[in-house]
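Engineer: Attaching a predicted model along with its sequence, questions to come.
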Amino acid sequence: MTPDRHPARTVLLYSLIATLVLPSAAWTKTPVVTGTGGAVATISEPASRAALAILDQGGNAIDAAVAAAATLGVTDPFSCGIGGGGFMVIYLARDKRVITIDHRETAPAGFTPTVFQENGAPMKFETVRDSGMSVGVPGTVRGWHEALDRYGSMSFKQVLAPAIAVATDGFAVSENFSRMAGENKAKFSMFPATAALYLKNGEAVAAGGTLRNPDLAKAYRELAAGGVKAFYSGKMARAVVDAVNRPATAPDVRVRGGNMTLADLANYEARLRQPVHSTYRGYDIYGMPLPGSGGIAIAEALNILEGYDLKSMPRARAEHLYLEASRLAFADRNAYLADPEYVDAPVAGLLSKDYAALRRQQIDPAQARKPAAAGDPYAFQSDQSVPLRPATASPVKMLKESAHTTHLTVSDKDGNIVAYTYTIEDWGGSGIVVPGYGFLLNNEMTDFDFSGPRPNVPEAGKRPRSSMSPTLAFRNGKPAFSIGSPGGATIITTVLQTIVNHVDLGMAMPDALNAPRLSERNGEATDVEPGFPGSAQAVALEKSGQRWSATPEEIGAANALVFNPDGTVTAVSEGRRHGIGSALVQKKPH
Ligand code: GLU
């Protein structure tokens, strides 16, 4: 692409596009809508509008997904952005094929298994998180490039235009945005570039105001003009490396620098991976493969649940089984799963229906088993030569995993679908905004286990295990629904529970999404949303020994599409969580 020699003119052009496609009229957020043509569901109104604008300009679902993601980088910068990475699952209607693009952040070449240890003990989570050490080589821009280049129909310049307009003209700060900035005040005030953007006089930017991010608009314009290289080499790459290795901090604040090189950035590659494929009650389910653990864990849990007639059971009994299946899948996930380029995980065994049948026998339909030990899937591997066996029968304890990120989903008139989860890990990632470029750097390296022996310890060039689970479901070869959510390890349970709610408990997708979330990850107690303990549903489940731990926040912020038998599509976002999502379709029925 030729570099843009007329930046001022370009800004004008983007502003013009903004007024055309993003009129400032107050839109009411609609979490559910049915129509024809393309459809989109995201957690942010400007992001959904951006996707729709691209669809209306003739772009396909892939173009629109990148446009929405770039806009989310402006309006939801604490969850995602070009300083992070993600997983994109794409259905190509013409080829009837599902592919995935793994653009997960990667450990710099200087990483070792003990990089997060000091004096023989793991470092404190916050010490690592709020520092340059936690930053992985960002994969977002490379992922967008691969998506557009291979499957899109538009250029970076076209799809970034709506996001550039939002970053330039500003967006309305929501209550949710202001709350998240407030919760991260301590972290953000450590880094002047971050404080300048998201705090005002040391306090969170207030709800109701307009927030502009001209530096991010500049970064996007450089990508629009220079393509993927503008991020992975040259000035922006040097700014990233400097911010990681020598983060500029407020006076008296000391944080550790990382050890990232320009070569780490130049060498970054996205991976095209075959999706995890499983079946469930007549549906074909396609999920994210390793280093994503969600596709495998969801498939294992569904395989376990398939042996029960959940539909005909009282809800409490069905949900008890859902919780126990999730527990067993997490026991295996925690024990075995990690980056497949470093670890020989027993994926075929974990996905086998026979292994699921064995695991099913370990469920007591009347009594919770907590916590469960990992099973032995090796006997169900097609390759019996693999010598690894579970080292211990005791459960692998889950380490701290936080709950953030964003998920979006888009379809187009030709039937292409994108389910895309992308992240900078913690709310606000490492807390470090790259000075002059307006985006936060991830802290994705904290998704590694800080000590071993574990499959998921840090190593040079390795990708930390993820829970992000963008998922597509088909029936009789036709798209049925797409689903995904943010929320760290709760992503897996949110997607699993939504599928069970929809497929087994007969809930329409909006109800499946809005139902209280119960997240069992093989702990002593199941994480539930505030307000759930004490409810009739909770009391009924307690009879089979289920116990709760109320999370301070809502669990997840899911987005879904449902492809209806009459050819319409229903876009579904959250009806109450995360400030309510935004669902849009190209054509509403009259
Ligand atoms: N780092 C998480 C993962 O990849 C996503 C971030 C989050 O939701 O907390 O699983």
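Structural biologist: Sure, I can see it.
Engineer: Could you use CA atoms for every contact and neighbour count after this?
Structural biologist: Will do.
Engineer: so residue 483 sits in a helix?
Structural biologist: No - the assignment for residue 483 (DSSP: H, G, I helix; E, B strand; the rest coil) gives strand, which keeps it out of a helix.
Engineer: The closest residue in space to it that isn't next to it in sequence sits in which helix or strand?
Structural biologist: Setting aside the residues directly before and after it, residue 483 is nearest to residue 560 in space (C-alpha to C-alpha, 6 or more residues apart in numbering), at 4.5 Å. Using DSSP states H and E, the element containing residue 560 is strand 559-563.
Engineer: leaving aside the residues next to it on the chain, what's closest to the residue sitting nearest the centre point of the chain?
Structural biologist: With distances taken as C-alpha atoms, centre = their mean, residue 421 lies nearest the centre of the chain, 3.3 Å away. Counting by C-alpha to C-alpha, 6+ apart, the nearest residue to residue 421 once its immediate chain neighbours are dropped is residue 407, at 4.2 Å.
Engineer: secondary structure element for the one you found?
Structural biologist: Using DSSP H and E, residue 407 sits within strand 406-411.
Engineer: Quick check: can you name the pairing partners of that strand and their directions?
Structural biologist: strand 32-42 (antiparallel), strand 417-423 (antiparallel) (DSSP bridges).
Engineer: what about the residue of the stretch 101-250 of the chain at minimum distance from the ligand, how many neighbours?
Structural biologist: Closest approach between the stretch 101-250 of the chain and the ligand, counting by C-alpha to the nearest ligand atom: residue 104, at 8.0 Å. For residue 104, the neighbour count with other C-alpha atoms under 10 Å is 32.
Engineer: interface residues of the stretch 251-400 of the chain facing the ligand?
Structural biologist: Proximity of the stretch 251-400 of the chain to the ligand (C-alpha under 6 Å from any ligand atom) involves no residue at all.
Engineer: What ranges does the stretch 251-400 of the chain have for its helices?
Structural biologist: With helices called from DSSP state H, counting those that start in this stretch, the stretch 251-400 of the chain shows them at 262-266, 294-305, 315-336, 347-351, 353-360.
Engineer: Buried deepest among those, which one?
Structural biologist: Ranked by mean neighbour count, the helices of the stretch 251-400 of the chain are led by helix 294-305 with a mean of 28 (mean count of other C-alpha atoms under 10 Å).
Engineer: Would you mind naming what in this protein lies close to the ligand?
Structural biologist: Residues of the chain lying near the ligand (C-alpha under 6 Å from any ligand atom): 402-405, 423, 425-426, 444, 447, 466-468, 486-489.
Engineer: hmm, try it at 8 Å
Structural biologist: The chain has residues 79, 86, 292, 401-406, 422-427, 444, 446-447, 464-468, 486-491 near the ligand, with proximity defined as C-alpha under 8 Å from any ligand atom.
Engineer: Quick one: buried ones out of these?
Structural biologist: Buried by 16 or more other C-alpha atoms under 10 Å: 79, 86, 292, 401, 403-406, 422-427, 444, 446-447, 464-468, 486-491, out of the residues of the chain next to the ligand.
Engineer: tell me which element the nearest residue to residue 173 once chain neighbours are set aside is part of?
Structural biologist: Spatial nearest neighbour of residue 173, chain neighbours left out: residue 207 (4.9 Å); criterion: C-alpha to C-alpha, 6+ apart. Assigning secondary structure by DSSP H and E places residue 207 outside every helix and strand.
Engineer: so where is the protein shaky, pLDDT-wise?
Structural biologist: Residue ranges of the chain with pLDDT under 70: 1-28, 382-403, 590.
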